[in-house]
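Colleague: Using only what follows, build the 3D model:
(2 chains)
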Amino acid sequence: MKRVRNQRLLSVILCVAGIILLASEAPCISKAFDEKIFDAGDLKPIDSTLKVKVGDPVPDFTLRAVSGGTVTLSEYRGTKNVVISFVPAAWTPVCSDQWPGYNIVQDLFDAYSAVLIGISVDNIPTLFAWTQAMGDLWFPVLSDFWPHGKVAQTLGVLRSDGTSERAIFIVDKQGIIRYIDVHDINKRPPLEGIIEALEKVQD
Amino acid sequence: MGKRSLVLFFAALSSVLLATSAVQAQENAPDYAQALEKLRLYSPEDPSARKYLGLKDKDAQFFINQIDAELLLIEIFSMYCPHCQKHAPEANRLFEIITGRKDLKDRLKLIGIGVGNSPFEVKIFREKYSVAFPLLDDRDSAATNALSGVLTPHYVVLRLHKGGKIDVLYSDAGGFDDAEEFLKMVLSL
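Modeller: Numbering: from 1, shown residues only, chains lettered A, B, ... in the order given. So this is what the prediction gives:
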(Lines give C-alpha, C1' and ligand atoms only; values in the text may rest on other atoms or scores of the structure.)
Protein backbone atom coordinates (compact mmCIF):
# COMPACT_ATOMS: atom_id res chain seq x y z
CA MET A 1 0.00 0.00 0.00
CA LYS A 2 2.82 2.31 0.98
CA ARG A 3 4.57 1.45 -2.29
CA VAL A 4 1.45 2.38 -4.30
CA ARG A 5 1.18 5.67 -2.40
CA ASN A 6 4.86 6.36 -3.09
CA GLN A 7 4.34 5.61 -6.78
CA ARG A 8 1.37 7.99 -6.86
CA LEU A 9 3.44 10.67 -5.15
CA LEU A 10 6.27 10.09 -7.62
CA SER A 11 3.93 10.32 -10.58
CA VAL A 12 2.49 13.61 -9.29
CA ILE A 13 6.02 15.00 -8.80
CA LEU A 14 7.05 13.83 -12.28
CA CYS A 15 3.89 15.28 -13.76
CA VAL A 16 4.41 18.70 -12.15
CA ALA A 17 8.09 18.66 -13.09
CA GLY A 18 7.15 17.70 -16.65
CA ILE A 19 4.63 20.51 -16.90
CA ILE A 20 7.14 23.03 -15.53
CA LEU A 21 9.88 21.83 -17.86
CA LEU A 22 7.73 21.69 -20.99
CA ALA A 23 5.78 24.84 -20.26
CA SER A 24 9.00 26.81 -19.82
CA GLU A 25 10.30 25.36 -23.10
CA ALA A 26 9.52 28.40 -25.19
CA PRO A 27 10.23 28.02 -28.88
CA CYS A 28 13.96 28.37 -29.58
CA ILE A 29 14.58 32.01 -30.37
CA SER A 30 17.83 33.14 -31.88
CA LYS A 31 19.66 34.58 -28.93
CA ALA A 32 22.61 36.04 -30.80
CA PHE A 33 21.17 39.50 -31.13
CA ASP A 34 17.48 39.02 -30.43
CA GLU A 35 15.90 42.01 -28.68
CA LYS A 36 19.30 43.66 -28.31
CA ILE A 37 19.37 45.39 -31.66
CA PHE A 38 18.77 49.10 -32.01
CA ASP A 39 16.97 49.85 -35.23
CA ALA A 40 18.21 53.21 -36.44
CA GLY A 41 15.69 53.19 -39.30
CA ASP A 42 16.44 54.07 -42.88
CA LEU A 43 19.52 56.30 -43.03
CA LYS A 44 21.03 58.55 -45.67
CA PRO A 45 22.84 55.96 -47.84
CA ILE A 46 26.21 57.77 -47.86
CA ASP A 47 27.08 60.74 -45.67
CA SER A 48 30.77 61.45 -46.22
CA THR A 49 33.29 62.20 -48.93
CA LEU A 50 36.18 59.87 -49.66
CA LYS A 51 39.65 61.31 -49.11
CA VAL A 52 41.48 58.48 -50.87
CA LYS A 53 41.03 56.71 -54.19
CA VAL A 54 41.99 53.42 -55.80
CA GLY A 55 45.71 53.52 -56.64
CA ASP A 56 46.65 55.69 -53.64
CA PRO A 57 49.05 54.42 -50.98
CA VAL A 58 46.94 53.70 -47.92
CA PRO A 59 47.53 55.94 -44.91
CA ASP A 60 48.97 53.79 -42.12
CA PHE A 61 47.20 53.45 -38.81
CA THR A 62 47.45 51.70 -35.46
CA LEU A 63 44.29 50.82 -33.55
CA ARG A 64 43.45 48.89 -30.40
CA ALA A 65 42.10 45.40 -30.95
CA VAL A 66 39.19 43.93 -28.99
CA SER A 67 41.31 40.84 -28.29
CA GLY A 68 44.01 43.02 -26.72
CA GLY A 69 47.05 44.89 -27.99
CA THR A 70 47.13 46.92 -31.17
CA VAL A 71 47.20 46.24 -34.89
CA THR A 72 49.20 48.37 -37.30
CA LEU A 73 48.17 48.17 -40.95
CA SER A 74 51.73 48.30 -42.27
CA GLU A 75 52.54 45.08 -40.35
CA TYR A 76 50.98 43.23 -43.27
CA ARG A 77 53.08 45.03 -45.88
CA GLY A 78 54.85 42.58 -48.19
CA THR A 79 53.02 39.52 -46.86
CA LYS A 80 49.23 39.89 -46.99
CA ASN A 81 46.50 41.66 -48.90
CA VAL A 82 44.24 43.36 -46.39
CA VAL A 83 40.46 43.66 -46.54
CA ILE A 84 39.27 46.42 -44.21
CA SER A 85 35.60 46.26 -43.30
CA PHE A 86 34.19 49.36 -41.65
CA VAL A 87 30.78 48.89 -40.06
CA PRO A 88 28.80 51.89 -38.79
CA ALA A 89 27.88 50.83 -35.25
CA ALA A 90 27.62 47.84 -32.94
CA TRP A 91 24.19 46.44 -32.09
CA THR A 92 22.52 47.67 -35.26
CA PRO A 93 20.66 45.39 -37.71
CA VAL A 94 22.76 45.22 -40.87
CA CYS A 95 26.12 45.38 -39.07
CA SER A 96 25.22 42.48 -36.81
CA ASP A 97 24.51 40.43 -39.91
CA GLN A 98 27.78 41.09 -41.70
CA TRP A 99 30.92 39.90 -39.89
CA PRO A 100 29.40 36.53 -38.85
CA GLY A 101 29.17 35.74 -42.57
CA TYR A 102 32.84 36.61 -43.11
CA ASN A 103 33.58 34.39 -40.14
CA ILE A 104 32.77 31.20 -42.07
CA VAL A 105 34.91 32.01 -45.11
CA GLN A 106 38.42 32.30 -43.75
CA ASP A 107 39.49 29.77 -46.39
CA LEU A 108 38.38 32.14 -49.16
CA PHE A 109 40.47 34.95 -47.68
CA ASP A 110 43.41 32.55 -47.26
CA ALA A 111 43.10 31.52 -50.90
CA TYR A 112 43.85 35.12 -51.90
CA SER A 113 46.55 35.57 -49.29
CA ALA A 114 44.31 38.08 -47.59
CA VAL A 115 43.52 38.98 -44.03
CA LEU A 116 40.39 40.71 -42.83
CA ILE A 117 40.29 43.59 -40.37
CA GLY A 118 36.98 44.74 -38.92
CA ILE A 119 36.77 48.35 -37.73
CA SER A 120 34.05 50.26 -35.93
CA VAL A 121 34.08 53.60 -34.12
CA ASP A 122 32.58 51.96 -31.02
CA ASN A 123 34.67 51.63 -27.88
CA ILE A 124 36.36 48.37 -26.86
CA PRO A 125 33.88 47.25 -24.16
CA THR A 126 30.94 47.68 -26.53
CA LEU A 127 32.74 45.87 -29.34
CA PHE A 128 33.72 43.12 -26.92
CA ALA A 129 30.09 42.45 -25.91
CA TRP A 130 28.85 42.67 -29.48
CA THR A 131 31.47 40.40 -31.04
CA GLN A 132 31.03 37.86 -28.22
CA ALA A 133 27.47 37.42 -29.49
CA MET A 134 28.89 36.56 -32.92
CA GLY A 135 30.95 33.63 -31.64
CA ASP A 136 34.70 33.27 -32.11
CA LEU A 137 35.86 35.55 -34.88
CA TRP A 138 39.03 34.57 -36.71
CA PHE A 139 39.91 38.15 -37.68
CA PRO A 140 40.86 41.15 -35.52
CA VAL A 141 38.22 43.70 -34.66
CA LEU A 142 39.65 47.17 -34.08
CA SER A 143 38.22 50.16 -32.30
CA ASP A 144 38.47 53.56 -33.99
CA PHE A 145 36.92 55.17 -30.93
CA TRP A 146 39.61 57.61 -29.78
CA PRO A 147 40.52 60.06 -31.16
CA HIS A 148 36.99 59.47 -32.33
CA GLY A 149 36.83 58.04 -35.83
CA LYS A 150 40.33 59.25 -36.70
CA VAL A 151 41.03 56.46 -39.20
CA ALA A 152 37.57 56.74 -40.74
CA GLN A 153 38.10 60.50 -40.99
CA THR A 154 41.50 60.05 -42.66
CA LEU A 155 40.00 57.76 -45.30
CA GLY A 156 36.87 59.90 -45.68
CA VAL A 157 34.27 57.49 -44.36
CA LEU A 158 33.26 59.23 -41.12
CA ARG A 159 29.62 60.27 -41.25
CA SER A 160 28.31 63.54 -39.85
CA ASP A 161 26.75 61.73 -36.85
CA GLY A 162 30.10 60.22 -35.76
CA THR A 163 29.45 56.72 -37.09
CA SER A 164 31.38 55.38 -40.05
CA GLU A 165 30.14 54.32 -43.44
CA ARG A 166 29.64 50.67 -44.25
CA ALA A 167 32.77 50.49 -46.35
CA ILE A 168 35.22 47.96 -47.72
CA PHE A 169 38.79 48.84 -48.63
CA ILE A 170 41.20 46.33 -50.13
CA VAL A 171 44.88 47.11 -49.77
CA ASP A 172 47.43 45.01 -51.63
CA LYS A 173 50.73 43.72 -50.31
CA GLN A 174 52.47 46.88 -51.49
CA GLY A 175 50.15 49.04 -49.42
CA ILE A 176 48.20 50.35 -52.39
CA ILE A 177 44.41 50.73 -52.22
CA ARG A 178 43.00 48.43 -54.91
CA TYR A 179 39.27 48.50 -54.15
CA ILE A 180 36.84 50.79 -52.37
CA ASP A 181 33.15 50.13 -51.80
CA VAL A 182 31.42 52.77 -49.73
CA HIS A 183 28.17 50.91 -49.59
CA ASP A 184 24.65 52.13 -48.93
CA ILE A 185 24.66 52.06 -45.10
CA ASN A 186 21.25 50.38 -45.08
CA LYS A 187 22.43 47.37 -47.08
CA ARG A 188 25.01 44.65 -46.66
CA PRO A 189 27.66 44.46 -49.37
CA PRO A 190 27.43 41.05 -51.03
CA LEU A 191 30.31 38.73 -50.23
CA GLU A 192 31.04 38.12 -53.90
CA GLY A 193 32.00 41.80 -54.29
CA ILE A 194 34.93 41.25 -51.95
CA ILE A 195 35.92 37.91 -53.47
CA GLU A 196 35.81 39.23 -57.05
CA ALA A 197 37.93 42.21 -56.00
CA LEU A 198 40.45 39.90 -54.33
CA GLU A 199 40.66 37.86 -57.54
CA LYS A 200 41.66 41.02 -59.40
CA VAL A 201 44.24 41.93 -56.76
CA GLN A 202 45.68 38.44 -57.13
CA ASP A 203 46.02 38.95 -60.91
CA MET B 1 -1.36 4.16 -11.22
CA GLY B 2 -0.08 1.23 -13.31
CA LYS B 3 3.12 1.49 -15.33
CA ARG B 4 1.16 1.38 -18.59
CA SER B 5 -1.31 4.07 -17.58
CA LEU B 6 1.58 6.25 -16.41
CA VAL B 7 3.24 5.94 -19.85
CA LEU B 8 -0.07 6.67 -21.59
CA PHE B 9 -0.68 9.64 -19.31
CA PHE B 10 2.72 11.17 -20.10
CA ALA B 11 2.33 10.47 -23.83
CA ALA B 12 -1.01 12.31 -23.82
CA LEU B 13 0.42 15.14 -21.72
CA SER B 14 3.39 15.56 -24.07
CA SER B 15 1.10 15.70 -27.13
CA VAL B 16 -1.11 18.34 -25.53
CA LEU B 17 1.90 20.43 -24.50
CA LEU B 18 3.58 20.11 -27.89
CA ALA B 19 0.39 21.16 -29.66
CA THR B 20 -0.05 24.02 -27.17
CA SER B 21 3.49 25.25 -27.75
CA ALA B 22 2.84 25.17 -31.52
CA VAL B 23 -0.29 27.26 -31.09
CA GLN B 24 1.64 29.65 -28.82
CA ALA B 25 4.30 29.91 -31.50
CA GLN B 26 1.68 30.89 -34.04
CA GLU B 27 0.24 33.49 -31.69
CA ASN B 28 3.60 35.01 -30.77
CA ALA B 29 5.21 35.32 -34.18
CA PRO B 30 4.07 36.71 -37.50
CA ASP B 31 2.78 33.87 -39.66
CA TYR B 32 3.85 35.50 -42.94
CA ALA B 33 0.92 33.74 -44.67
CA GLN B 34 0.15 36.43 -47.22
CA ALA B 35 3.80 37.24 -47.74
CA LEU B 36 4.61 33.60 -48.50
CA GLU B 37 1.63 33.17 -50.81
CA LYS B 38 2.77 36.10 -52.94
CA LEU B 39 6.49 35.40 -52.72
CA ARG B 40 8.22 34.42 -55.97
CA LEU B 41 11.47 32.50 -55.61
CA TYR B 42 14.04 31.30 -58.12
CA SER B 43 14.21 27.57 -58.76
CA PRO B 44 17.50 25.96 -57.78
CA GLU B 45 20.33 25.27 -60.20
CA ASP B 46 20.78 21.71 -58.98
CA PRO B 47 18.58 19.32 -61.06
CA SER B 48 18.04 16.93 -58.12
CA ALA B 49 16.78 19.82 -55.99
CA ARG B 50 14.38 20.82 -58.79
CA LYS B 51 13.18 17.23 -59.08
CA TYR B 52 12.61 17.07 -55.31
CA LEU B 53 10.48 20.21 -55.49
CA GLY B 54 8.70 19.23 -58.71
CA LEU B 55 10.06 22.22 -60.62
CA LYS B 56 11.23 22.08 -64.20
CA ASP B 57 13.36 25.02 -65.29
CA LYS B 58 16.38 26.32 -63.43
CA ASP B 59 16.38 29.98 -62.40
CA ALA B 60 12.70 30.20 -63.28
CA GLN B 61 10.56 32.07 -60.81
CA PHE B 62 7.90 30.12 -58.98
CA PHE B 63 5.39 30.48 -56.19
CA ILE B 64 5.74 28.36 -53.06
CA ASN B 65 2.42 26.61 -53.71
CA GLN B 66 3.88 25.17 -56.93
CA ILE B 67 6.12 22.92 -54.82
CA ASP B 68 5.07 19.29 -55.02
CA ALA B 69 4.28 18.57 -51.37
CA GLU B 70 1.38 18.34 -48.99
CA LEU B 71 3.31 19.83 -46.10
CA LEU B 72 6.21 22.19 -46.56
CA LEU B 73 8.75 23.07 -43.90
CA ILE B 74 10.69 26.26 -44.57
CA GLU B 75 13.78 27.33 -42.72
CA ILE B 76 14.25 31.05 -43.23
CA PHE B 77 17.97 31.48 -42.72
CA SER B 78 20.94 33.64 -43.65
CA MET B 79 24.55 32.79 -44.34
CA TYR B 80 25.39 35.73 -42.08
CA CYS B 81 23.39 34.50 -39.09
CA PRO B 82 25.51 32.80 -36.39
CA HIS B 83 22.56 30.86 -35.02
CA CYS B 84 21.72 29.50 -38.48
CA GLN B 85 25.34 28.39 -38.78
CA LYS B 86 25.22 26.59 -35.43
CA HIS B 87 21.82 25.12 -36.23
CA ALA B 88 22.82 23.74 -39.66
CA PRO B 89 23.77 20.20 -38.47
CA GLU B 90 20.40 19.72 -36.72
CA ALA B 91 18.53 21.01 -39.79
CA ASN B 92 20.48 18.49 -41.88
CA ARG B 93 19.48 15.77 -39.42
CA LEU B 94 15.84 16.72 -39.80
CA PHE B 95 16.13 16.32 -43.57
CA GLU B 96 17.78 12.92 -43.16
CA ILE B 97 14.97 11.76 -40.89
CA ILE B 98 12.26 13.00 -43.26
CA THR B 99 13.82 11.46 -46.36
CA GLY B 100 14.49 8.25 -44.47
CA ARG B 101 10.81 7.76 -43.73
CA LYS B 102 8.83 6.25 -46.60
CA ASP B 103 5.57 7.68 -45.27
CA LEU B 104 6.95 11.23 -45.24
CA LYS B 105 9.50 11.71 -47.98
CA ASP B 106 6.99 12.65 -50.69
CA ARG B 107 4.44 14.23 -48.38
CA LEU B 108 6.61 16.53 -46.24
CA LYS B 109 9.38 18.53 -47.88
CA LEU B 110 12.00 20.85 -46.47
CA ILE B 111 13.52 23.94 -48.06
CA GLY B 112 15.60 26.87 -46.88
CA ILE B 113 15.21 30.47 -47.98
CA GLY B 114 18.38 32.52 -47.58
CA VAL B 115 16.80 35.83 -46.79
CA GLY B 116 18.89 38.68 -48.19
CA ASN B 117 21.41 36.18 -49.56
CA SER B 118 22.75 36.12 -53.10
CA PRO B 119 23.13 32.82 -55.00
CA PHE B 120 26.87 32.97 -54.14
CA GLU B 121 26.18 33.39 -50.42
CA VAL B 122 23.65 30.55 -50.40
CA LYS B 123 26.18 28.34 -52.20
CA ILE B 124 28.77 29.13 -49.52
CA PHE B 125 26.32 28.14 -46.77
CA ARG B 126 25.33 24.94 -48.60
CA GLU B 127 28.93 23.88 -49.08
CA LYS B 128 30.18 24.87 -45.61
CA TYR B 129 27.46 22.91 -43.85
CA SER B 130 26.89 20.15 -46.45
CA VAL B 131 23.21 20.98 -46.69
CA ALA B 132 21.38 18.39 -48.79
CA PHE B 133 17.94 20.00 -48.88
CA PRO B 134 17.24 22.80 -51.39
CA LEU B 135 18.41 26.24 -50.30
CA LEU B 136 16.92 29.08 -52.30
CA ASP B 137 18.48 32.50 -52.72
CA ASP B 138 16.97 35.95 -52.45
CA ARG B 139 18.70 37.57 -55.41
CA ASP B 140 16.02 40.23 -55.93
CA SER B 141 15.37 40.83 -52.20
CA ALA B 142 11.78 39.65 -52.63
CA ALA B 143 12.02 37.50 -49.48
CA THR B 144 13.74 40.33 -47.56
CA ASN B 145 10.89 42.66 -48.42
CA ALA B 146 8.15 40.10 -47.81
CA LEU B 147 9.54 38.86 -44.49
CA SER B 148 10.72 42.20 -43.15
CA GLY B 149 12.03 41.97 -39.60
CA VAL B 150 12.20 38.17 -39.52
CA LEU B 151 14.56 36.74 -36.92
CA THR B 152 16.68 33.95 -38.33
CA PRO B 153 16.47 31.05 -38.20
CA HIS B 154 12.69 31.08 -38.46
CA TYR B 155 10.67 27.98 -39.24
CA VAL B 156 7.36 27.93 -41.04
CA VAL B 157 5.18 24.88 -41.65
CA LEU B 158 2.71 25.18 -44.50
CA ARG B 159 -0.07 23.01 -45.78
CA LEU B 160 -0.19 23.38 -49.56
CA HIS B 161 -3.63 22.91 -51.14
CA LYS B 162 -4.09 21.89 -54.75
CA GLY B 163 -5.97 25.08 -55.67
CA GLY B 164 -2.93 27.13 -54.60
CA LYS B 165 -4.13 28.06 -51.13
CA ILE B 166 -1.61 27.93 -48.30
CA ASP B 167 -2.36 27.35 -44.63
CA VAL B 168 0.31 28.37 -42.13
CA LEU B 169 0.36 25.68 -39.45
CA TYR B 170 3.38 26.96 -37.56
CA SER B 171 5.62 30.01 -37.69
CA ASP B 172 8.26 30.89 -35.16
CA ALA B 173 11.75 32.23 -34.73
CA GLY B 174 14.53 29.98 -33.51
CA GLY B 175 15.84 26.59 -34.48
CA PHE B 176 15.36 23.39 -32.51
CA ASP B 177 17.59 21.25 -30.35
CA ASP B 178 16.26 17.89 -31.39
CA ALA B 179 15.15 17.12 -34.95
CA GLU B 180 13.11 14.06 -33.88
CA GLU B 181 11.12 16.10 -31.35
CA PHE B 182 10.63 18.96 -33.80
CA LEU B 183 9.33 16.56 -36.43
CA LYS B 184 6.93 15.06 -33.89
CA MET B 185 5.62 18.55 -33.20
CA VAL B 186 5.26 19.28 -36.93
CA LEU B 187 3.31 16.06 -37.47
CA SER B 188 1.03 16.88 -34.55
CA LEU B 189 -0.10 20.13 -36.15
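Colleague: where along the chain do the helices fall?
Modeller: With no chain named, the answer covers chain A. Counting by DSSP state H, chain A has helices at residues A:2-23, A:93-96, A:99-102, A:106-111, A:124-132, A:150-155, A:191-202.
Colleague: Switch to chain B, please.
Modeller: When secondary structure is read from DSSP H, chain B shows helices at B:3-28, B:33-38, B:47-53, B:82-100, B:119-128, B:142-146, B:179-187.
Colleague: contact partners of the third one?
Modeller: Think helix B:47-53. Taking contacts as CB atoms under 8 Å, 6 or more residues apart in numbering or on different chains, the residues outside helix B:47-53 that touch it are B:43, B:44, B:56, B:57, B:58, B:67, B:68, B:69, B:109, B:111, B:133, B:134. In short, each C-beta sits where N, CA and C put it, glycine included.
Colleague: Pick out the least confidently modelled helix or strand of chain A, by mean pLDDT.
Modeller: Least confident helix or strand of chain A, by mean pLDDT, DSSP states H and E, is helix A:2-23 with a mean of 38.
Colleague: and the residue nearest the centre of chain B, what does it touch?
Modeller: Central residue check for chain B by CA atoms, centre = their mean: the C-alpha nearest the mean position is that of residue B:74, 2.1 Å away. Contacts for residue B:74 (CB under 8 Å, 6+ apart) come out as B:36, B:64, B:110, B:111, B:112, B:113, B:155, B:156, B:157, B:158.
Colleague: ok, it to residue B:115 distance?
Modeller: In this structure, residue B:74 and residue B:115 are 11 Å apart, going by CB to CB, to the nearest Å.
Colleague: picking up where we left off before, closest one to residue A:58 out of the contacts of helix B:47-53, please.
Modeller: Set against residue A:58, the nearest of these by CB to CB is residue B:44 (40.7 Å).
Colleague: what's the burial count for the nearest residue to residue B:84 once chain neighbours are set aside?
Modeller: The spatially closest residue to residue B:84, leaving aside those adjacent along the chain, is residue B:77, at 4.1 Å (CB to CB, 6 or more residues apart in numbering or on different chains). Residue crowding around residue B:77 was assessed by other CB atoms under 10 Å in any protein chain shown; the count is 29.
Colleague: can you pull the contacts of residue B:77?
Modeller: When the contact criterion is CB under 8 Å, 6+ apart, the partners of residue B:77 are B:84, B:87, B:112, B:113, B:114, B:115, B:125, B:135, B:152, B:153.
Colleague: Also residue A:56?
Modeller: A:176, A:177.
Colleague: wait, residue B:133 sits on residue B:111?
Modeller: Yes: counting by CB atoms under 8 Å, residue B:133 does reach residue B:111; the two are 6.3 Å apart.
Colleague: So the residue nearest the centre of chain A versus residue A:74, what's the distance?
Modeller: When chain A is reduced to its mean C-alpha position, the nearest residue by CA atoms, centre = their mean turns out to be residue A:99, at 3.4 Å. For residue A:99, the distance to residue A:74 (CB to CB) stands at 23 Å.
Colleague: in chain B, which ranges drop under the pLDDT threshold?
Modeller: B:1-30 (pLDDT under 70).
Colleague: Now with 90, please.
Modeller: Across chain B, residues meeting the criterion (pLDDT under 90) sit at B:1-38, B:56-60, B:105-106, B:144-151, B:161-166, B:172-175.
Colleague: And for chain A?
Modeller: For chain A, the ranges with pLDDT under 90 are A:1-43, A:91-97, A:133-135, A:202-203.
Colleague: Try it again at 80.
Modeller: Segments of chain A classed as low confidence (criterion: pLDDT under 80) are A:1-41, A:93-96, A:203.
Colleague: re earlier: any chance of the contacts of residue B:77 in CSV, with neighbour count too?
Modeller: What follows is the contacts of residue B:77, written out as CSV (neighbours: other CB atoms under 10 Å in any protein chain shown):
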residue, neighbour count
B:84, 26
B:87, 23
B:112, 26
B:113, 29
B:114, 28
B:115, 28
B:125, 24
B:135, 24
B:152, 26
B:153, 28
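Colleague: Could you dump these into a markdown table with distance to residue B:142 added?
Modeller: Rendered in a markdown table, the data for those read as follows (distance: CB to CB, whole Å):
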| residue | distance to residue B:142 |
| --- | --- |
| B:84 | 19 |
| B:87 | 24 |
| B:112 | 15 |
| B:113 | 10 |
| B:114 | 12 |
| B:115 | 10 |
| B:125 | 18 |
| B:135 | 16 |
| B:152 | 16 |
| B:153 | 19 |
